[in-house]
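Participant: this one's sequence-less:
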């Protein structure tokens, strides 16, 4: 098997001051330009895996490599978007989107290419339907628009790795479906290696090539599902039998995981 | 009339004026002696008649207060950043800081006088000592409560701690800083006037102390009014600055 862009080999993460590890024995491989989704019940450690890949945490056991090196080693190689849009309220939307370029290029590098960067950011905002909000402030926008801006910020520095931690979880169903389409089309254009953490199975099947199902306490991978559906996928397509079958199968695995977890919980009373 | 005009332009004057009128009425109605409680009208005529010495003493107090406040801002911001950024610094320093802030600053004035002599320096230092603590606490709180996601975002981009502080920590802390500044400026007046009352030969505090010993009670009250007025002006100035620099924190 050839080396993927992201390689986890029996990775384990135990947070300090915690008895049980957050995740154990996570082995997964994502090819360059691939797209995977991590699903599972809350608290199953899927976000911890994302943090390992982002280089925000160091594995306490096993091996994690991104692009052949340590995760987070190359500056500006990662774009992240969280469930909370985490916009900086004191910056305009445009300046929020420019933030990664400021950090990655440093003050002098940024000043030298300021005009070019601004144009790039404006084009991306336009692309995500936020053109007229560039000079407004994040708190003047709806949650869905803030999440779009957050996506712009994750993409502006053209990272090789795109990490999405439930970025659409707080949005209404229609906005969410719009954004699936946008993420898919940008992914098809630029092909960043993408890891999506979600508990929305339709979202996982829509966006990912491969879906990993996690169990909890401690988190481990219990199932791997290749999504063989053609691209581009559409919202209408999510109601076709082939799509629904994938969702049902993943759902079956999660129900199973939840039942085993429930057995493990100490009895009340 | 729009609520905004009522709230910001009319009500402050109306209530202040009303208070003075009530005061005047009570003093006249109960025939209170002016060396017990002078009416506002007498305080006003005293202010007008003795404006020159009052102005001189007020400028002295304003100067000591502002220098003390500037020291408090400089020291408070640096210490607040250290305490907010490092749990170790916080753990190490907080007993001393809390203990120190619990000491009545007026008790320190005699010590300051022994060290620096009577005059301007103890007043500046008292203003400084009484006003730095809220700045430290607020800066530290602002920095320590930065959303973890923001730190994650910056770290995932490869930002070092200084960059995170510059781009996220400091701007995020600015509203906390202004909140502290508005408390600190009024406290700084308390500090400088207390010190002048105990050990100085200039300043509103000194003027009030001398006037009091001569039973010139209207002049004592004139001093109080001037200190209060200077407090309002500085508070307003900081609020104006706050609205300009941290408008994003006052959305809607």
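Facilitator: Happy to help now that I have it. Computed from a predicted structure; not experimentally measured. Residues are numbered from 1 along each chain as shown, chains lettered A, B, ... in the order given.

Participant: residue of chain B nearest chain A, please.
Facilitator: Nearest residue of chain B to chain A: residue B:158, at 3.7 Å (Cβ to the nearest Cβ). Where you see a C-beta, it was placed from the backbone N, CA and C, and this is true even at glycine.

Participant: how about the nearest residue to that residue, chain neighbours excluded?
Facilitator: residue A:75 (3.7 Å; Cβ to Cβ, 6 or more residues apart in numbering or on different chains).

Participant: still on that earlier bit, contacting residues around the residue of chain B closest to chain A?
Facilitator: A:72, A:74-76, A:103-104 (Cβ atoms under 8 Å, 6 or more residues apart in numbering or on different chains).

Participant: mind listing the helices for the chain?
Facilitator: Assuming you mean chain A. Applying DSSP state H to chain A gives helices spanning A:46-54, A:93-112, A:114-127, A:143-155, A:173-190, A:201-207, A:241-264.

Participant: nope, chain B
Facilitator: Going by DSSP H, chain B shows helices at B:3-5, B:11-29, B:40-49, B:51-85, B:87-102, B:109-116, B:120-144, B:148-156, B:161-164, B:170-198, B:204-213, B:217-245.

Participant: right, and those - which one's nearest residue A:120?
Facilitator: helix B:148-156 (19.2 Å; Cβ to Cβ).

Participant: so is the closest one next to chain A?
Facilitator: Yes. Counting by Cβ under 8 Å from any Cβ of the partner chain, chain A is contacted by helix B:148-156 at B:149-150, B:152-156.

Participant: coming back round to it: could you export the helices of chain A as JSON lines, including mean neighbour count, distance to residue B:87 and mean pLDDT?
Facilitator: Putting these into JSON lines (neighbours: other Cβ atoms under 10 Å in any protein chain shown; distance: least, Cβ to Cβ, whole Å; pLDDT from 0 to 100) gives the following:
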{"stretch": "helix A:46-54", "mean neighbour count": "25", "distance to residue B:87": "21", "mean pLDDT": "93"}
{"stretch": "helix A:93-112", "mean neighbour count": "19", "distance to residue B:87": "25", "mean pLDDT": "94"}
{"stretch": "helix A:114-127", "mean neighbour count": "15", "distance to residue B:87": "36", "mean pLDDT": "95"}
{"stretch": "helix A:143-155", "mean neighbour count": "23", "distance to residue B:87": "29", "mean pLDDT": "92"}
{"stretch": "helix A:173-190", "mean neighbour count": "16", "distance to residue B:87": "38", "mean pLDDT": "92"}
{"stretch": "helix A:201-207", "mean neighbour count": "24", "distance to residue B:87": "38", "mean pLDDT": "96"}
{"stretch": "helix A:241-264", "mean neighbour count": "14", "distance to residue B:87": "34", "mean pLDDT": "87"}
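
Participant: to residue B:182, which of the ones you listed lies closest?
Facilitator: Of these, the one closest to residue B:182 (Cβ to Cβ) turns out to be helix A:93-112, at 27.7 Å.

Participant: other residues contacting the closest one?
Facilitator: For helix A:93-112, the surrounding residues in contact (Cβ under 8 Å, 6+ apart) are A:75-76, A:79, A:87-88, A:91, A:113, A:117-118, A:121-122, A:124-125, A:130, A:133-138, A:141, A:149, A:152-154, A:156-157, B:154, B:157-159, B:163, B:167.

Participant: mind redoing it with 6 Å?
Facilitator: With contacts defined as Cβ atoms under 6 Å, 6 or more residues apart in numbering or on different chains, helix A:93-112 is touched by A:75-76, A:87-88, A:117, A:121, A:133-134, A:136, A:149, A:152-153, A:156-157, B:157, B:159.

Participant: next one: stretch B:96-112
Facilitator: B:122, B:125-126, B:129-130, B:133, B:191, B:194-195, B:198-199.

Participant: and that stretch, what's buried?
Facilitator: B:97, B:105, B:108-109, B:112 (16 or more other Cβ atoms under 10 Å in any protein chain shown).

Participant: for the stretch 101-250 of chain A, which residues are neighbours of chain B?
Facilitator: When proximity is defined as Cβ under 6 Å from any Cβ of the partner chain, the stretch 101-250 of chain A approaches chain B at A:103, A:137, A:139.

Participant: give the contact list for the last one.
Facilitator: Under the criterion of Cβ under 6 Å, 6+ apart, the neighbours of residue A:139 are A:89, B:251.

Participant: what about the residues of helix B:148-156 next to chain A, which one has the most neighbours?
Facilitator: Among these, the one with the most neighbours (other Cβ atoms under 10 Å in any protein chain shown) is residue B:153, at 28 neighbours.

Participant: what residues are up against that one?
Facilitator: residue A:86.

Participant: could you measure from it over to residue B:93?
Facilitator: Residue B:153 sits at a distance of 29 Å from residue B:93 (criterion: Cβ to Cβ, to the nearest Å).

Participant: contact residues of chain B facing chain A?
Facilitator: B:149-150, B:152-153, B:155-159, B:171, B:248, B:251.

Participant: determine which two of the buried residues of stretch B:96-112 are furthest apart.
Facilitator: B:97 and B:109 (20.3 Å).

Participant: circling back to that earlier point, highest average neighbour count across the helices of chain B?
Facilitator: helix B:120-144 (a mean of 25; mean count of other Cβ atoms under 10 Å in any protein chain shown).

Participant: what distance separates it from the centre of its chain?
Facilitator: 10 Å (Cα atoms, centre = their mean, to the nearest Å).

Participant: one more: stretch A:19-30?
Facilitator: Worked out by Cα atoms, centre = their mean, stretch A:19-30 lies 17 Å from the chain centre.

Participant: buried set for it?
Facilitator: Neighbour-count burial for stretch A:19-30 [16+ other Cβ under 10 Å]: A:21-26, A:28-30.

Participant: model confidence over that stretch, on average?
Facilitator: Mean pLDDT, stretch A:19-30: 91.
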